[in-house]
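>>> Fold the following, please.
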Amino acid sequence: MASSAKDIQFRELKDTVSQLKTMVSEQTELIRSLRLMIDEKSSHEKALQEQVDYLTKKLFGLSSERRSDDIPGQQNLFDEAEIEQDSSLLEEDTVIREHTRKKKAAHEDLFKGLKVEKVVIPLPE
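Okay, the predicted model is just below:
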């Protein structure tokens, strides 16, 4: 009878150990899946923060046509003609002809052809 009681206790302890092993494996799997979720969330958060930083810089940063944060390859899109152009042509002096301004019309010139009639109106004291 003593051996059967020990056998029952031994089986119960074996069952308890196997239950604990399954519980540990489930907990380990849960921890692994939660870590994956955390990694995904942190990478998503990082991407969103980069977007916020980019848009904030674009909205509140310096405005200029020449920016260093343009898409690679797009900034030099229209520079092909400048690269292929002969550099000796650029050194020519360009002469710009002087221009003269028109004179503003004076009061006498505007009313030159009109008759002038002087009328004196006496004022009573």
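>>> Show me the helices in the chain, by range?
2-60, 80-84, 87-90, 107-110 (DSSP state H).
>>> can you list these in JSON lines and add mean pLDDT and mean neighbour count?
Quick note: C-beta positions are derived from backbone N, CA and C, even for glycine. Shown next, in JSON lines, are those (pLDDT from 0 to 100; neighbours: other CB atoms under 10 Å):
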{"stretch": "helix 2-60", "mean pLDDT": "94", "mean neighbour count": "10"}
{"stretch": "helix 80-84", "mean pLDDT": "67", "mean neighbour count": "8"}
{"stretch": "helix 87-90", "mean pLDDT": "60", "mean neighbour count": "7"}
{"stretch": "helix 107-110", "mean pLDDT": "80", "mean neighbour count": "8"}
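>>> Dump the ones you listed to a markdown table, plus distance to Glu98.
Listed next are the helices of the chain as a markdown table, based on distance: least, CB to CB, whole Å:
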| stretch | distance to Glu98 |
| --- | --- |
| helix 2-60 | 44 |
| helix 80-84 | 30 |
| helix 87-90 | 24 |
| helix 107-110 | 25 |
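>>> Of these, give the one that comes closest to Ile96.
In terms of CB to CB, the element of the helices of the chain nearest to Ile96 is helix 87-90, at 16.6 Å.
>>> How about the backbone phi and psi for Lys112?
phi -70, psi -40 (degrees, to the nearest 10).
>>> what about it, distance to Lys6?
Distance of Lys112 to Lys6, given as CB to CB, to the nearest Å: 137 Å.
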